[in-house]
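Colleague: any chance you could fold what I've pasted below:
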Amino acid sequence: MIVEHAWLSITTGREDEFFDSITSVFPLIEAAPGCHGAEIRRQIEDPSIFLLMVRWDSVDAHMAFRASDPFTTWRAHTMPFYATAAQVTHFSEVLSG
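Modeller: Sure, this is the predicted structure:
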């Protein structure tokens, strides 16, 4: 399992509107094949920054979602609020020593 990490910079003054919109489409991402849950967090130091974390089976599962119709709807509900492009990266499973 991997974790998608998306750093979202939201237009100042639209944070609450963004939060309402993204949470309304959470069922789309959580229903995607290979998704094992998602969460959104707001940065304390800068409330216009949000962190989206999604647990996927693989990067391929995430990319399959991005190629789907539900992603088009997801994007329509989230992108209008971005001040800059989302920074998306993927992290490996938990490392243990």
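
Colleague: going forward, measure contacts and count neighbours with C-alpha atoms only.
Modeller: Fine.

Colleague: would you mind measuring from the most centrally placed residue in the chain to T78?
Modeller: In the chain, the centroid-proximal residue (Cα atoms, centre = their mean) is L52; its distance is 4.0 Å. Remark: distance between L52 and T78 (Cα to Cα, to the nearest Å) = 12 Å.

Colleague: and the nearest residue to R66 once chain neighbours are set aside, what pLDDT?
Modeller: Leaving aside its sequence neighbours, R66 sits nearest to T72 (Cα to Cα, 6 or more residues apart in numbering; 7.8 Å). Looking at T72, its pLDDT is 97.

Colleague: element containing T72, please.
Modeller: If you go by DSSP states H and E, T72 is part of helix 69-78.

Colleague: buried ones in that helix?
Modeller: P70, F71, W74, H77, T78 (16 or more other Cα atoms under 10 Å).

Colleague: which of those sit farthest apart?
Modeller: Greatest spatial distance in those: P70 and T78, 12.5 Å, computed using Cα to Cα.

Colleague: what's the end-to-end length of stretch 9-20?
Modeller: 15 Å.

Colleague: what's the burial count for S58?
Modeller: S58 has 18 neighbours, counted by other Cα atoms under 10 Å.
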